[in-house]
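A.B. asks: compute the structure for the input listed below.
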Amino acid sequence: MVVTNHPLASAAGTEMLAAGGNAVDAAIAALFTLTVVEPMMVGILGGGITHIRTTDGRHIVLDGLSAAPAAAAPDLYRSVSDHPPHSMDTVGRENAVGPKAVATPGALRGWCDALERFGTMSLSDVMEPAIRHARRGFSVTPYLAGCIEEAAADLAGDPEIARLFLPDGQARRAGTRFVMGDYAETLASIASGGPETLYSGDLGGVIDRHMSSVGGLLTLADLAAVSTIERAPVRGSYRGFDIYGPPPPSAGGVHVIQMLNILEGYDLAALGFGSIETMHLLGEALKIAFADRARSTADPAFVDVPVDRLISQRYAEACRAQISRTHAAPATPATPAAESDNTTHVTVSDSLGNVVSSTQTINSLFGARFVIPGTGIIPNNNMALFVPHPGRALSIAPGKRVTTSMAPTIVLRDGQPAFALGLPGGLRIFGCVMQALVNLIDHRMSLQEAVEAPRLWTQGGDLEVEDGYPDSTHGGLTAMGWHVLPVPHVGGGMAAIAFDGDGNHTGAACWRADGVAIGIGGGLARQGIRFWPDAPGVGDGKDD
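C.D. replies: Numbering: from 1, shown residues only. Next up, the predicted model:
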């Protein structure tokens, strides 16, 4: 099963499975294709996390997150304000747009390391669909067209990115064909020469020279120093299910488990989905988790993150003692939402028992909003994720990895996979993962219902409530002390797979993106075709 946020990416992953590849081959093929068809969300100069469960039951988290370049310093930017809501903003938006916003990218290295260690196919094979779509072109989706419109003012400021997305000064329209010739050649050079083409070769030299010419921080030496870090997942439990998620510098795994620990003390099934009290308890758990995230979650190489305490049952009991069943806790100043909602996610499984859940990003829509000339590459703007003030957990330091809310999650029951899921959505990611798991485990929803159900979110101030909740809930929540803010959607398109224990995989994507789930194998059997793998002649090369 392959689930991504674009049909061509899901098809690319499925192509690998149908050709005999495994889940890792399929996931990496899908990610490369997403850099073409979702260029506003993900790229080879981005970063992310890949969570793999191997056929022998191991869980590996590959950290390919971006990091601050060697030339970065805590006082690199001049902040607009010391106080929310503008404490993350900098003079000239230098941490968000342009060359000084680009962090050292780990995405390409992370994908190639995953493929080399756990895949079965060559890099050129898994990159072929991406190169094909970049070279031949693809149809612009309404989603991509809307993103171009949203970012058009900044895109117009760079001739290269404007040439791609604003031809003749107009945003590309949905349904038109889009060819990315320069980027196709860039991908082809990587497929031929491997990741070193970027990290120490000719492509890296092109990037180095351009960044130097425009006042950027990223250098060839930064690229050459990039490495993927293998991390052990954090693990918790919820009502008999084992929850595995990414550890710091991701906040996702820690705080999903923390919130589930808190909620396990309440009978959410009896309270029911969408009840005022259930919504209140979800909001209070989110409020506590975000306060802890702001205080303590960062790159563990620079900050001592108290993971064991945060995911302990004793701490959950202390947190529950702070929660009133009838009144919302006082609102707290919200940490500015520096982490962009613009990310992508793939979830893949194969018949061998391998499962991949991977979240990747260039941070904001179209990253730093320029293109490296002649390459088609859009760099990240992950420097915006650091606090532009010295002396804090998320302050800038050379080599420090960004902190993220990514939560590529794999859930087991009785030692076997039950669910794998993840989504884009910036700060809202781990809260959405938590709610999907509550939907599946407490409310017994189907997988499709669980990923599409209305969501809510808070980080201490307003309670964002999706339009899918009845308006009648607003009054009850307001009476409890919440300030309710109706919103069209919370987080992005979730990509999920459920396993029934008998070898059947169910995929689900949701309405919040262009998500598509594609499964192979079982469809042939349902059409009446049967396979006898031990029958005479099968596999002997004679009568196949």
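A.B. asks: list the buried residues of the host helix or strand of residue 13.
C.D. replies: If you go by DSSP states H and E, residue 13 is part of helix 7-18. Within helix 7-18, the residues that count as buried by 16 or more other Cβ atoms under 10 Å are 7, 8, 9, 10, 11, 12, 13, 14, 15, 16, 17. C-beta: built from backbone N, CA, C; applies to glycine.
A.B. asks: now the stretch 1-150 of the chain, which segments are flagged as low pLDDT?
C.D. replies: Along the stretch 1-150 of the chain, the parts satisfying pLDDT under 70 run over 85.
A.B. asks: tell me, what residue is most central in the protein?
C.D. replies: In the chain, the centroid-proximal residue (Cα atoms, centre = their mean) is residue 359; its distance is 2.9 Å.
A.B. asks: assign that residue to helix, strand or coil.
C.D. replies: The local conformation at residue 359, judged by DSSP: H, G, I helix; E, B strand; the rest coil, is strand.
A.B. asks: related to what we said a few turns ago, CA atoms of the helix holding residue 13 as PDB?
C.D. replies: Extracted in PDB, the C-alpha atoms of helix 7-18 (Å, rounded to 0.1, in the frame of the first residue of the first chain):
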ATOM      1  CA  PRO A   7      -1.600  10.700  -7.200                       C
ATOM      2  CA  LEU A   8       1.600  10.700  -9.300                       C
ATOM      3  CA  ALA A   9       3.700  10.100  -6.200                       C
ATOM      4  CA  SER A  10       1.500   7.300  -5.000                       C
ATOM      5  CA  ALA A  11       1.700   5.800  -8.500                       C
ATOM      6  CA  ALA A  12       5.600   6.100  -8.500                       C
ATOM      7  CA  GLY A  13       5.700   4.200  -5.200                       C
ATOM      8  CA  THR A  14       3.300   1.600  -6.500                       C
ATOM      9  CA  GLU A  15       5.400   1.200  -9.600                       C
ATOM     10  CA  MET A  16       8.400   0.200  -7.400                       C
ATOM     11  CA  LEU A  17       6.300  -2.400  -5.500                       C
ATOM     12  CA  ALA A  18       5.000  -3.900  -8.700                       C
END
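A.B. asks: for whichever helix or strand comes after it, packing partners?
C.D. replies: Using DSSP H and E, the next helix or strand after helix 7-18 towards the C-terminus is helix 23-37. Here helix 23-37 touches strand 2-4, helix 7-18, helix 107-118, helix 123-136, helix 181-193, strand 343-349, strand 355-361, going by 3 or more Cβ pairs under 8 Å, 6 or more residues apart in numbering; DSSP states H and E.
A.B. asks: rebuild those as a markdown table, extending it with distance to residue 59.
C.D. replies: A markdown table is the format used below for the helices and strands packed on helix 23-37 (distance: least, Cβ to Cβ, whole Å):
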| stretch | distance to residue 59 |
| --- | --- |
| strand 2-4 | 19 |
| helix 7-18 | 21 |
| helix 107-118 | 12 |
| helix 123-136 | 22 |
| helix 181-193 | 28 |
| strand 343-349 | 14 |
| strand 355-361 | 9 |
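A.B. asks: so what secondary structure elements neighbour the helix holding residue 13?
C.D. replies: Judged by 3+ Cβ pairs under 8 Å, 6+ apart, the packing partners of helix 7-18 are strand 2-4, helix 23-37, helix 123-136, strand 343-349, strand 516-518.
A.B. asks: neighbours around the residue lying closest to residue 173 once chain neighbours are set aside, how many?
C.D. replies: Counting by Cβ to Cβ, 6 or more residues apart in numbering, residue 173 lies nearest to residue 145, which is 5.9 Å off, once chain neighbours are set aside. Neighbour count of residue 145, defined by other Cβ atoms under 10 Å: 18.
A.B. asks: who's in contact with residue 145?
C.D. replies: Going by Cβ atoms under 8 Å, 6 or more residues apart in numbering, residue 145 touches 171, 172, 173, 174.
A.B. asks: which of those tops the neighbour count?
C.D. replies: Of all those, the highest neighbour tally under other Cβ under 10 Å goes to residue 171, namely 20 neighbours.
A.B. asks: what bridges to residue 3?
C.D. replies: With DSSP bridges as the criterion, residue 3 is bridged to residue 347, residue 517.
A.B. asks: run a quick neighbour tally on it.
C.D. replies: 33.
A.B. asks: OK, contacts around it?
C.D. replies: Residue 3 neighbours (Cβ under 8 Å, 6+ apart): 10, 346-348, 495-497, 507-509, 515-518.
A.B. asks: need the contacts of residue 145 in TSV (columns: distance to residue 415 and pLDDT).
C.D. replies: Converted to TSV, the contacts of residue 145 look like this (distance: Cβ to Cβ, whole Å; pLDDT from 0 to 100):
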residue	distance to residue 415	pLDDT
171	50	96
172	48	97
173	51	97
174	46	97
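A.B. asks: mind putting those residues into TSV with distance to residue 428 and secondary structure?
C.D. replies: TSV is the format used below for the contacts of residue 145 (distance: Cβ to Cβ, whole Å; DSSP: H, G, I helix; E, B strand; the rest coil):
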residue	distance to residue 428	secondary structure
171	26	coil
172	28	coil
173	29	coil
174	26	coil
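A.B. asks: any idea how this protein splits into domains?
C.D. replies: Domain segmentation of the chain under automatic domain parsing yields 15-40+69-228+365-385, 231-337+407-518.
A.B. asks: how long is the longest one end to end?
C.D. replies: In terms of Cα to Cα, to the nearest Å, the two terminal residues of domain 231-337+407-518 are separated by 30 Å.
A.B. asks: kindly report the same for the first one.
C.D. replies: Using Cα to Cα, the span of domain 15-40+69-228+365-385 from its first residue to its last is 35 Å.
A.B. asks: now it, how far from the centre of its chain.
C.D. replies: 15 Å (Cα atoms, centre = their mean, to the nearest Å).
A.B. asks: coming back round to it: name the residues that touch the helix holding residue 13?
C.D. replies: The contact list for helix 7-18, computed with Cβ under 8 Å, 6+ apart, reads 2-4, 23, 25-27, 29-34, 36-38, 121, 125-126, 129-130, 133, 138, 346, 348, 350, 514, 516-518, 520.
A.B. asks: if we use 7 Å, what do you get?
C.D. replies: Helix 7-18 is contacted from outside by 2-4, 25-27, 29-30, 33-34, 37, 121, 126, 129-130, 133, 138, 348, 350, 514, 516-518, 520, using Cβ atoms under 7 Å, 6 or more residues apart in numbering.
A.B. asks: likewise stretch 189-204?
C.D. replies: Identification of contacts with stretch 189-204 by Cβ under 7 Å, 6+ apart yields 44, 108-109, 112, 123-124, 127, 131, 186, 220, 223-224, 226, 375.
A.B. asks: hang on, the earlier thing: export the helices and strands packed on helix 7-18 as JSON lines, with columns for distance to residue 77.
C.D. replies: What follows is the helices and strands packed on helix 7-18, written out as JSON lines (distance: least, Cβ to Cβ, whole Å):
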{"stretch": "strand 2-4", "distance to residue 77": "34"}
{"stretch": "helix 23-37", "distance to residue 77": "28"}
{"stretch": "helix 123-136", "distance to residue 77": "34"}
{"stretch": "strand 343-349", "distance to residue 77": "23"}
{"stretch": "strand 516-518", "distance to residue 77": "40"}
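A.B. asks: highest average neighbour count across these?
C.D. replies: Ranked by mean neighbour count, the helices and strands packed on helix 7-18 are led by strand 2-4 with a mean of 34 (mean count of other Cβ atoms under 10 Å).
A.B. asks: how about the closest residue to residue 77 other than its chain neighbours, what does it touch?
C.D. replies: Distance criterion Cβ to Cβ, 6+ apart; nearest residue to residue 77, sequence neighbours excluded, is residue 90 at 3.9 Å. When contacts are counted by Cβ under 7 Å, 6+ apart, residue 90 touches 77, 78, 79, 80, 388.
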